[in-house]
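1. My questions are about this predicted structure, shown below with the sequence.
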Amino acid sequence: MKRSDDLLAGLDDIDWAALGHAYGSAEDVPGQLRAVCGPDEEARESAFRSLFGNIFHQGTRYSASPYAVPFLTRIAVAGPAGARVDALGLLTRLAVDWHDEYSLPLGIDTAAWRAAAISPEETLRWYDEQIAAETDEEQLKGWREAQADCAAGHPVDAREGALRSYDAVRAQLPVLFELLGDRDPELRTRTAYLLGWFPEEADATLPALLACLDGERDPVCAATVLVAVGLLADHDPDGRLRHHLDHEHPLPRWAAATALARVLVAHPAAAPGLPPAQRIAAELAAFGAGPAPEPATVHHVGDLHSYTVRSLLHLMNAAEDLDGVLLEIVRALPRIKETAVVPRPLAARAGNLLDALFEPADAVPVFTELSPGRQQLLRALAELLTAEDFQPVPFGSDLHERFTRYGLPGTRPALRAYVGLPTEGQDPNAPLPDPWEPLRKH
């Protein structure tokens with residue numbers, strides 16, 4: 001283990017007071033990093049909580065965030081045993097926020113991210129235009145203060161601010177590669193998970209991941225590596241993914257199928273070298289129909305059944321038997337669990353399924369004329385979705401609108417009646433309650 005002053009070399013060379021985080025000046029960040037490297041476990045945990053809330057606050061990155069990355073990298077590689085996993089976890093969040101939820105199963109699109117981000121130079125030019133056109137003195141003062149803040153290096157566009165941290169972590173990847181050979185399987189696993197979010201570094205990252213896969217005995221780590229390979233590769237490297245479809249443990253089998261599904265959908269030119277879509281779908285379906293192994297990978301916030309449904313959705317267009325894949329999706333739906341990122345993930349997946357399987361319609365389709373897979377899907381949703389799932393915005397979701405867009409019943413009782421299930425004493429013709437009514441009473 002290195003001394004803490006080695007881990008934090010250069011810390012005091014940075015003008016932290018001129019940098020910012022969620023609560024203002026970042027002058028407290030050096031003390032928190034020192035506490036992370038210290039011997040007091042309670043102080044270390046408290047410092048990590050503070051750092052997490054300061055430089056990664058509800059997904060937002062700040063001017064101080066990328067400056068903390070090199071120190072967190074050293075701590076992950078050679079810091080106190082109790083700090084290394086936490087440092088790696090914070091590096092992951094600084095890099096990719098919650099992309100796990102909204103970029104899977106195809107992976108992060110950094111090209112689109114970079115294209116959408118507004119550079120500081122563009123922002124400063126925009127402020128110049130506002131200042132030149134402004135006649136109100138109070139408003140003019142506000143524009144000038146905002147311009148000065150941007151000129152001082154504080155990100156204005158959240159996407160551009162996030163990219164600074166992402167690229168700071170990207171620059172540290174060659175250092176983090178050595179963690180793939182660490183004795184601690186959790187560190188190997190968390191490193192593999194992080195590496196899957198850097199497609200621009202695939203040429204360097206894939207060999208390191210495949211070397212880790214050789215001889216890996218921990219099923220969670222092996223599965224995490226396989227998913228990362230699938231997120232980065234445009235083919236099946238040396239047939240490694242296909243080989244793991246026959247792994248003795250279900251989790252690596254699922255991961256291999258998940259990786260192959262992504263390669264097949266994102267890079268259809270690779271299809272001749274991959275197993276048939278039906279073979280991949282069958283492995284995903286077998287996993288989706290049973291309980292998730294414990295422990296499991298952290299992908300999709302641990303909700304691997306929801307991840308499986310997403311992969312199967314993408315595979316439907318590649319498979320010859322669309323209805324067969326759809327029936328397998330139906331089998332997996334009851335096991336989708338609530339997460340902190342998506343409070344009602346089943347409702348979210350239901351909307352995706354409707355979009356993929358139905359066309360907009362003004363009239364309700366005859367239920368018996370739907371394909372068997374669509375019938376089973378609607379019946380499963382009628383049993384699994386709650387009345388709350390159909391509540392309209394602002395307090396519910398857009399699921400009611402999604403159903404009605406396709407000519408389907410837009411309330412739970414009406415949907416149950418449509419598919420032939422008991423309505424549980426509720427009027428299927430009753431309108432949805434007004435979500436604004438509670439506020440009107442006040």
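-> Looks like it came in fine. It should be emphasised that the depicted structure is a prediction, and the values quoted were computed from it without experimental measurement. Residues are numbered from 1 along each chain as shown.
2. and residue 55, how far is that from residue 156?
-> Taking Cβ to Cβ, to the nearest Å as the measure, residue 55 falls 17 Å from residue 156. Bear in mind the C-beta positions are built from the backbone N, C-alpha and C, glycine included.
3. The two: who's more crowded?
-> residue 55 (29 against 17; other Cβ atoms under 10 Å).
4. mind listing what the more buried one touches?
-> Taking Cβ atoms under 8 Å, 6 or more residues apart in numbering, we find residue 55 in contact with 21-22, 26, 29, 61-62, 64-65, 68, 94.
5. ok, those vs residue 276, which is closest?
-> residue 94 (39.9 Å; Cβ to Cβ).
6. doesn't the closest one fall inside a helix?
-> Yes - under DSSP: H, G, I helix; E, B strand; the rest coil, residue 94 falls within a helix.
7. Burial check on it, number of neighbours?
-> There are 24 residues near residue 94, going by other Cβ under 10 Å.
8. separation between the residue lying closest to it once chain neighbours are set aside and residue 44?
-> Leaving aside its sequence neighbours, residue 94 sits nearest to residue 165 (Cβ to Cβ, 6 or more residues apart in numbering; 4.4 Å). As judged by Cβ to Cβ, residue 165 and residue 44 stand 22 Å apart.
9. Of those two, which one has the most company?
-> residue 165 (26 against 20).
10. outside of whichever strand or helix holds that one, which residues touch it?
-> Using DSSP states H and E, the element containing residue 165 is helix 158-171. Contacts to helix 158-171, defined as Cβ under 8 Å, 6+ apart, come from residues 60-63, 65-67, 69-70, 73, 91-92, 94-97, 110, 113-114, 116-120, 155, 194, 198, 200-201.
11. dump the residue contacts of residue 14.
-> So residue 14 contacts 30, 67 (Cβ under 8 Å, 6+ apart).
12. and the gap between it and residue 26?
-> For residue 14, the distance to residue 26 - Cβ to Cβ - is 9 Å.
13. Can you give me every residue that contacts residue 127?
-> 143, 146-147, 150 are the contacts of residue 127 under Cβ under 8 Å, 6+ apart.
14. let's see it at 6 Å
-> Listed by Cβ atoms under 6 Å, 6 or more residues apart in numbering, the contact partners of residue 127 are 143, 147.
15. host element of it?
-> helix 120-133.
16. From the chain's centroid, how far away is that helix?
-> 34 Å (Cα atoms, centre = their mean, to the nearest Å).
17. Ok, stretch 90-108 next?
-> The answer for stretch 90-108 is 4 Å, by Cα atoms, centre = their mean.
18. got it, and stretch 160-179?
-> So, by Cα atoms, centre = their mean, the centroid of stretch 160-179 is 17 Å from its chain's centroid.
19. what about it, how long is it end to end?
-> From its first residue to its last, stretch 160-179 covers 29 Å (Cα to Cα, to the nearest Å).
20. Likewise for stretch 181-199?
-> Per Cα to Cα, stretch 181-199 runs 21 Å from first to last residue.
21. now that stretch, how far from the chain's geometric center?
-> With Cα atoms, centre = their mean, you get 16 Å for stretch 181-199.
22. Buried ones in it, by neighbour count?
-> 182, 185, 187-199 (16 or more other Cβ atoms under 10 Å).
23. Report the rounded mean pLDDT for that stretch.
-> Here stretch 181-199 scores 97 as its mean pLDDT.
24. do stretch 119-126 as well
-> Mean predicted confidence for stretch 119-126 is 95.
25. That stretch: which residues count as buried?
-> Going by neighbour count (16+ other Cβ under 10 Å), the buried part of stretch 119-126 is 120, 123.
26. Skipping its backbone neighbours, what lies nearest residue 411 in space?
-> residue 390 (5.5 Å).
27. Pass me the low-pLDDT residue ranges in the protein, would you?
-> 1-5, 338-343, 392-397, 433-442 (pLDDT under 70).
28. domain assignment for it?
-> Domain assignment for the chain by automatic domain parsing gives 1-103+157-171, 118-156, 184-337, 343-424.
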